[in-house]
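Undergrad: Give the three-dimensional model of this entry:
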Amino acid sequence: MAGYAVAISMQSFIPATVLIAITVLFLIFINLRLVIYYPAYWTHPFDYILLHAPARLFLLLTLTLLLPLTVFMAIGHHWELPKHDTDYPWEGFAVIMSAGVLATIIAGWRRDLVWSVGTVWLFWSIGALKNKSTPVMVGEFLSIISLS
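TA: Residues are numbered from 1 along each chain as shown. This is a model prediction of the structure:
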């Protein structure tokens, strides 16, 4: 993540995309190991709160927000608030809906409360910003409704 921060600050978006993709792969591996070898039980609440929840939330943030944003910056999209904040509405819709579908699948398959709450919190945070385009707001609304 330190290399990703340096690459983003130097506006080297392709190396930043590679670094965040590697980070996402490592986080998927970490989460799979936690689920398979160290399952969370409600009889061990500190394991769940201090190990499983932060690992899932960090994966959620990097997979659904940082990776698509870095890919968009690498292919040349740019946002200068507030004059270009409604550009690329259908790309935003695709990212929001794919994150919502992924969250619904994970929440339904694993009955994962942390992933559901984290995704709803992320969508509410994105939706709280002003001047969102209509496709992005519709995607957020549909994703939040599907998780409820």
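
Undergrad: If we ignore the residues flanking it in sequence, what's nearest Tyr48?
TA: Distances taken as CB to CB, 6 or more residues apart in numbering put Ala40 closest to Tyr48, at 4.4 Å, once the chain neighbours are dropped. Glycine gets a C-beta too; all of them are placed from N, C-alpha and C.

Undergrad: Test my guess that that neighbour contacts Asp47.
TA: Yes. Using CB atoms under 8 Å as the test, Ala40 is close enough to Asp47 to be in contact (6.2 Å).

Undergrad: got any ranges where the chain has weak pLDDT?
TA: Applying pLDDT under 70 to the chain flags residues 79-86, 148.

Undergrad: and it, what are its domains?
TA: For the chain, automatic domain parsing gives the domain ranges 1-56, 79-148.

Undergrad: Of the ones you listed, flag the one that's most buried.
TA: domain 79-148 (a mean of 16; mean count of other CB atoms under 10 Å).

Undergrad: Could you give the separation of that domain from the chain centroid?
TA: Mean-position distance between domain 79-148 and its chain equals 9 Å (CA atoms, centre = their mean, to the nearest Å).

Undergrad: what's the single longest helix in this structure?
TA: Longest helix of the chain, by residue count under DSSP state H: helix 13-37.

Undergrad: Please enumerate residues in contact with that one?
TA: Helix 13-37 has contacts (CB atoms under 8 Å, 6 or more residues apart in numbering) with 1, 3-4, 7-8, 40, 51-52, 55-56, 58-59, 62-63, 66-67, 70-71, 73-74, 110.

Undergrad: any idea which helix or strand comes after that helix?
TA: The helix or strand immediately downstream of helix 13-37 is helix 45-47, counting by DSSP states H and E.

Undergrad: Run the chain-centre distance for that next one.
TA: Per CA atoms, centre = their mean, the displacement of helix 45-47 from the mean C-alpha position of its chain is 24 Å.

Undergrad: what about the helices in the chain?
TA: Assigned by DSSP H, the helices in the chain fall at 2-9, 13-37, 45-47, 53-61, 67-74, 89-110, 113-127, 134-147.
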